[in-house]
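In: Any chance you can model this:
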Amino acid sequence: MSKEFACSIKRIRFDENYQPADNTRLTTNFANLARGEHREENLRRTLAMINNRFNTLASCDNPNADRYSIEIDIISAELDVEGNGQTFPFIEMLKSTITDRLTNERIEGMIGNSFSSYVRDYDFSVVLPTLGCKTNEKPEAFGDLHGKLYQHLVNSDVFKAEFNKQPVICLSVSTSKTYFRTANVHPVLGVEYKNDEYSRTDEYFAKMGLSVRYFKPENATAPLAFYSANNLLSDYTDFELISAISTMESFQKVYRPEIYNTNSVAGLIYKPSLNYQDFSLTQVVYDRVERGQLAVKQGKWTEDNFIKPYKEVLEQWAANFFIEKAQSNSAA
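Out: Prediction:
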């Protein structure tokens, strides 16, 4: 069996003792919080926010809003391009597990949630600026390689051995688009919104095989973007959906309080803006300026250590990716 492009997966617990691994993207939400003199307090407060939000949404038979607690593992996927044992850290996600304190039962939460990718840094922080692309402008093949690498991972035997469902990735809505509230209301996800047209990020994730829907959960101030390859409404349990909401809404309140921790709620027509002033800050310290600077550094590091050294191999692999997938499916 060929070892080229072999995937491997590592887990590390995200708790108040969490220390980012050497190859973790430091712009990632969970890694940014775990740095500096406030790291333990940041982590403790963020985890408390996640647990509190989960319990408010999982309110049935939970009168004191303290029945459930969430454990979060950081899932790091690495890729061995040449099959020689040299791996590149190309994607990180989060996997949650819920503990029912009343029954001591452990319940599966969502795989996906936050999404971290060095190649995505390269695409958005190196490729687009180099080409001089304006908001929502992009080259025709933008995101092709990244999309195929992601699908290669989630369809691999290694990933399927660890997780029995495809990831759901949850992001902030785009500040370049307008969203319109619909009459559709989901019992967990809340009120559905539609946007006027897909954002560049939506199209980027579409190349990963993921379609997007926007929902504003109960008591949230703005909709979240949920990206899934499966049916978001029928293929995931209520607890999986609640774990995604509670985790990612908490991160977004810290990272983008102008959208997710405002003192007013998104209306029938909603245009997100980072210039909005009527919001509250959490007590969690988050360095957004450094995040922007690091994204460029990480993108250039990816170019030097992955894109350029493996250019011909990656191009050949990507050109044959769907053919190989079709052959493997027909052989099965």
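In: What count of nearby residues applies to the residue lying closest to A206 once chain neighbours are set aside?
Out: Take A206 and drop its neighbours on the chain: the residue closest to it by Cβ to Cβ, 6 or more residues apart in numbering is Y198, 7.4 Å away. Just so you know, the C-beta spots here come from the backbone N, C-alpha and C atoms, and that holds for glycine as well. Using other Cβ atoms under 10 Å, the number of residues around Y198 comes to 16.
In: I'd say Y198 and Y204 touch.
Out: No. Using Cβ atoms under 8 Å, Y198 is not in contact with Y204; the gap is 9.6 Å.
In: Now tell me which helix or strand of this structure has the poorest mean pLDDT.
Out: helix 29-33 (a mean of 53; mean pLDDT, DSSP states H and E).
In: Just the helices from the protein, written as ranges.
Out: Residue ranges of the helices in the chain, as given by DSSP state H, are 29-33, 39-57, 118-122, 128-131, 144-154, 157-162, 200-206, 238-255, 257-260, 288-302, 311-331.
In: Just give me the neighbour total for M49.
Out: 20.
In: now do the one 5 residues further on
Out: By the criterion of other Cβ under 10 Å, F54 has 25 neighbours.
In: What's the separation between the closest residue to M49 other than its chain neighbours and I9?
Out: With sequence-adjacent residues excluded and distances taken as Cβ to Cβ, 6+ apart, M49 is closest to S250, at 4.1 Å. S250 sits 24 Å away from I9, going by Cβ to Cβ, to the nearest Å.
In: If you count surrounding residues, which of these two has more?
Out: Using other Cβ under 10 Å, the more surrounded residue of S250 and I9 is S250, with 25 against 17.
In: so the more buried one makes contact with R53?
Out: Yes. Shown here, S250 and R53 form a contact pair, counting by Cβ under 8 Å, at 5.9 Å.
In: Where does the prediction get shaky in this structure?
Out: Low-confidence segments of the chain (pLDDT under 70): 1-2, 17-39, 285-293, 323-332.
In: and if we set it to 50?
Out: 1, 24-27, 29, 323-332 (pLDDT under 50).
In: Could you count how many residues lie near C60?
Out: The burial count for C60: 8, using other Cβ under 10 Å.
In: so how far is A319 from it?
Out: For C60 relative to A319 (Cβ to Cβ), the value is 51 Å.
In: cool, and Y227?
Out: For Y227, the distance to A319 - Cβ to Cβ - is 25 Å.
In: Looking at these two, which is more packed in?
Out: Y227 (23 against 11).
In: Name all residues that make contact with that one.
Out: By Cβ atoms under 8 Å, 6 or more residues apart in numbering, Y227 lies in contact with 168-171, 205, 208, 210-212.
In: Which members of those residues are classed as buried?
Out: 168-171, 205, 208, 210, 212 (16 or more other Cβ atoms under 10 Å).
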